[in-house]
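Asks: sequence and predicted model, in that order:
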2 protein chains.
Amino acid sequence: MRIAVDGFGGDNAPQEIVKGCIMAVKERKDLSIILTGKKDLLEQLVKQEYYGDRITVYDCADVITCEEEPVLAIRKKKDSSLVKTFELLKNGEADGAVSAGSSGAVLAGGVFILGRIDGVLRPALIPELPTVKGGTVALSDCGANVDCKPEYVCQFGVMGALYQKAIHNVDARVGLLNNGAEATKGNETVKQAYYLLKNAGVNFVGNCEARDLLSGDFDVVACDGFDGNIALKSAEGTANAVFTLMKESINSSFRAKLGALLMKPALKGLKKKLDYSEHGGAAVVGVKYPLVKCHGSSKAKSIAAGILQCDDMAKNGLVDKIAEAFKANE
Amino acid sequence: MRIAVDGFGGDNAPQEIVKGCIMAVKERKDLSIILTGKKDLLEQLVKQEYYGDRITVYDCADVITCEEEPVLAIRKKKDSSLVKTFELLKNGEADGAVSAGSSGAVLAGGVFILGRIDGVLRPALIPELPTVKGGTVALSDCGANVDCKPEYVCQFGVMGALYQKAIHNVDARVGLLNNGAEATKGNETVKQAYYLLKNAGVNFVGNCEARDLLSGDFDVVACDGFDGNIALKSAEGTANAVFTLMKESINSSFRAKLGALLMKPALKGLKKKLDYSEHGGAAVVGVKYPLVKCHGSSKAKSIAAGILQCDDMAKNGLVDKIAEAFKANE
């Protein structure tokens, strides 16, 4: 597959983006990449570490920043690395696209340039989080949409299930993020979404309290993007807090330091397990082309994972599968 | 102070409740406790470990379970351990009350038996969470109210600040739980709450992303109870996931096991730091008497911490301070 990558999106662009592209093409022999952005600089960076012909550069001068109003930026900056990335997709020159740039602009471009799949009310931003039982849980939506109607939340669950099936061949157990396990729990949106999900043709297994998000009992958790964002970031912040406090504990005594030295490989494995950048970025699901939004602070490893994730979405025909499933909703 | 304790509320009642009471009176010499519930059993349990006269028992036959409809249960079961606990407060026989029973029933009793402080729109459920910098952050509200109006969320922030001032003499930095740091972020409720909090006479320091909840940069985080519940439980679930995976990592090799043995005291200290049961239960703030709701699964240690927390609320006149601050809202 051919993946278009926004060479100038993200805090660590273009260096880490280029490195991520190189890691990705080395990992998969049937993958090629079109990098967008300032040609001279990008080509120079590519040549430092890669001599093959599977990374090409598409020249464009502009960059969209996180400070700009997303919709306006997408409309005005026709020669930006992000808009060009979308155009490569639409022109059929690429099979999928990846950007670590402004979330707002990526989502706006997804809707206004690529377009929503017929029947999809709102695209969802879906990251995969590691669970304690191995495998991942797809959190759908993690922040693309706030003030959601129950119908949106239901569709997020359906799209999450189609994602897990297409990418991991998992018959997803779909949960609904809620403040209690009982069917009567929740705010008005969630209470209605519960009954919609029950009749949505997915394997709906009921409410998921946030403490069970990483339990491995759910393959998809559907929610309003505001709540998904809180669940995701609270998990991220807590994992960071634990590791910060652990470091302090380790440095508190010689005995603990020695213990930590012996535990190092095991702890490293643990950190890797918990590191959701290993699982790529957040898939933008519900738009007409495979699209992945990587975290703004992504380093090469996450960019590479996001590219492989996008490649998987393209290879497995996720967009067609969603279009097929949502035909009835038109 | 005299604290009334629901002897039959919670998964581990009455054994762990009684143990918790004994721990609490041993910790504070000026504290006395009135335990409610089946007198014979409670007195027998108390006598196994405590010979003083600072724990007395108030006999009542009934128990409210988590399966019952809260408001109905509070109205019908006049002879339940929970309703009697509230009555001891209202009759002036106790200065504060603690229960690990049904959250719904405790909150319903708080509103319908004890009553809201004049000017308070909705009482908040406020747990204290440990932060990486030491000290705690008061999450207000963590689940008593869903579908909140912006005015409620603003009041939760104000009550949280009064709580931190009264209990810890902290001039609280108040944050608003949101999906981004910028003032323009959030759903409709949060956007409006932002401007209310700016003019609420507290030290409002802006939006708090869920990843910064435990950062120590906020002493109070205000939110709709649905969102607070998600933030709290996601943090809880992640901490558990980390410790579960850590155990697995440790058991994966002899080297790691040896390391863990050496690190044991440090890891124990870490677990203690992260254990929010050490900080008591969730204060029910905004009702006319000091009231603490302990987690349903509380063991003796958490019950004891909840009793001491309630004692602090009573000693420091939190209710009067809130009544004074909310006078203008009447």
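Replies: Right, received. Where do you want to start? Please read all numbers here as calculations on a predicted model, not as lab measurements. Numbering: from 1, shown residues only, chains lettered A, B, ... in the order given.
Asks: how about the spatially most central residue of chain A, what does it touch?
Replies: Centroid-nearest residue in chain A: A:Ala282, 0.7 Å away (criterion: C-alpha atoms, centre = their mean). Residues near A:Ala282 by C-beta atoms under 8 Å, 6 or more residues apart in numbering or on different chains: A:Leu125, A:Ile126, A:Pro127, A:Cys142, A:Val292, A:Lys293, A:Cys294. (Each C-beta comes from the backbone N, C-alpha and C, glycine too.)
Asks: again, only this time at 10 Å
Replies: Counting by C-beta atoms under 10 Å, 6 or more residues apart in numbering or on different chains, A:Ala282 touches A:103, A:106, A:124-128, A:138-144, A:232, A:276, A:291-295, A:306, A:309.
Asks: what number of residues lie near the residue lying closest to A:Pro14 once chain neighbours are set aside?
Replies: Nearest non-adjacent residue to A:Pro14, counting by C-beta to C-beta, 6 or more residues apart in numbering or on different chains: A:Gly7, 4.9 Å away. Close neighbours of A:Gly7, defined as other C-beta atoms under 10 Å in any protein chain shown, add up to 33.
Asks: now do the same for A:Gly7: its pLDDT.
Replies: You'll see A:Gly7 listed with a pLDDT of 97.
Asks: I'd assumed A:Ala13 was in contact with it.
Replies: Yes: contact criterion C-beta atoms under 10 Å: A:Gly7 and A:Ala13 qualify, at 6.5 Å.
Asks: okay, and the common contacts of the two?
Replies: A:Gly37, A:Leu42, A:Val63, A:Ser81, A:Ser99, A:Ala100, A:Gly101.
Asks: quick one: which of these sit in strands?
Replies: A:Gly37, A:Ser99 (DSSP state E).
Asks: which of the shared contacts of A:Gly7 and A:Ala13 sits closest to B:Lys77?
Replies: For these, the minimum distance to B:Lys77 (C-beta to C-beta) is 57.6 Å, reached by A:Ala100.
Asks: which outside residues touch stretch A:243-251?
Replies: Contact with stretch A:243-251 is made by A:256-261, A:263, A:267, A:270-271, A:274, B:130-133, B:214-215, B:242, B:246, B:263, B:265-271, B:273-274, as judged by C-beta under 10 Å, 6+ apart.
Asks: around chain B, pick out the residues from the stretch 1-150 of chain A.
Replies: A:66-67, A:103-104, A:129-133, A:142-143, A:145-148 (C-beta under 10 Å from any C-beta of the partner chain).
Asks: just the buried residues of the residues you listed.
Replies: A:Cys66, A:Ser103, A:Gly104, A:Leu129, A:Pro130, A:Thr131, A:Val132, A:Cys142, A:Gly143, A:Asn145, A:Val146, A:Cys148 (16 or more other C-beta atoms under 10 Å in any protein chain shown).
Asks: touching, the fourth one and A:Leu214? I think so.
Replies: Yes: using C-beta under 10 Å, A:Leu129 is in contact with A:Leu214, at 6.2 Å.
Asks: name the residues contacting each of the two.
Replies: With C-beta under 10 Å, 6+ apart as the test, A:Leu129 and A:Leu214 both reach A:Thr136, A:Val137, A:Ala231, A:Ala235, A:Leu274, B:Thr238, B:Ala241.
Asks: what about these, which are in strands?
Replies: Using DSSP E, those in strands are A:Thr136, A:Val137.
Asks: nearest to A:Tyr50, of the shared contacts of A:Leu129 and A:Leu214?
Replies: Looking across the shared contacts of A:Leu129 and A:Leu214 and measuring by C-beta to C-beta, the closest to A:Tyr50 is A:Thr136, at 29.4 Å.
Asks: pLDDT score assigned to that closest one?
Replies: For A:Thr136, pLDDT reads 93.
Asks: residues contacting the closest residue to it other than its chain neighbours?
Replies: By the measure of C-beta to C-beta, 6+ apart, the closest residue to A:Thr136 outside its immediate chain neighbours is A:Glu128, 3.8 Å from it. Contacts for A:Glu128 were tallied using C-beta under 10 Å, 6+ apart; they are A:135-139, A:160, A:163-164, A:167-168, A:219, A:276, A:278-283, A:305, A:309.
Asks: just to revisit the earlier point, apart from its neighbours in sequence, what residue is nearest the residue nearest to the centre of chain A?
Replies: Once flanking residues are discounted, A:Ala282 sits nearest to A:Pro127: 4.1 Å by C-beta to C-beta, 6+ apart.
Asks: next: A:Glu182.
Replies: Using C-beta to C-beta, 6+ apart, the nearest residue to A:Glu182 is A:Asn207, at 7.2 Å.
Asks: report how many residues lie close to that neighbour.
Replies: A:Asn207: 22 neighbours (other C-beta under 10 Å).
Asks: now do the SS call for it.
Replies: At A:Asn207, secondary structure determined by DSSP: H, G, I helix; E, B strand; the rest coil is strand.
Asks: wait, it touches A:Lys198, no?
Replies: No: counting by C-beta under 10 Å, A:Asn207 sits too far from A:Lys198 to count as a contact (11.3 Å).
Asks: please report how far A:Met159 lies from chain B.
Replies: 20 Å (C-beta to the nearest C-beta, to the nearest Å).
Asks: after the lowest-mean-pLDDT helix or strand in chain A comes which helix or strand?
Replies: Of all helical and strand segments in chain A, the minimum by mean pLDDT, DSSP states H and E falls on helix A:254-274, at a mean of 79. Next along the chain after helix A:254-274, taking DSSP states H and E as the criterion, comes strand A:282-285.
Asks: in the longest helix along chain A, what counts as buried?
Replies: Counting residues, the longest helix found in chain A (DSSP state H) is helix A:225-250. Using 16+ other C-beta under 10 Å as the test for burial, helix A:225-250 gives A:225-243, A:245-246, A:249-250.
Asks: just the mean pLDDT for that helix, thanks.
Replies: Helix A:225-250 comes out at a mean pLDDT of 89.
Asks: now swap in stretch A:163-172 and tell me
Replies: Here the average pLDDT along stretch A:163-172 is 97.
Asks: quick one: contacts of the helix or strand A:Gln48 falls within?
Replies: Per DSSP H and E: A:Gln48 is located in helix A:39-49. Applying C-beta under 10 Å, 6+ apart, the contact partners of helix A:39-49 are A:5, A:7-8, A:13-15, A:17-19, A:21-23, A:25-26, A:33, A:35-38, A:52, A:55-61, A:81.
Asks: circling back: next up, phi/psi of the residue nearest to A:Thr136, please.
Replies: phi -100, psi 130 (degrees, to the nearest 10).
Asks: gap between it and A:Gln309?
Replies: Noted for A:Glu128: a distance of 8 Å to A:Gln309, by C-beta to C-beta, to the nearest Å.
Asks: give me the common contacts of these two.
Replies: What both A:Glu128 and A:Gln309 touch, as defined by C-beta under 10 Å, 6+ apart, is the set A:Ile167, A:His279, A:Gly280, A:Gly281, A:Ala282, A:Ala283.
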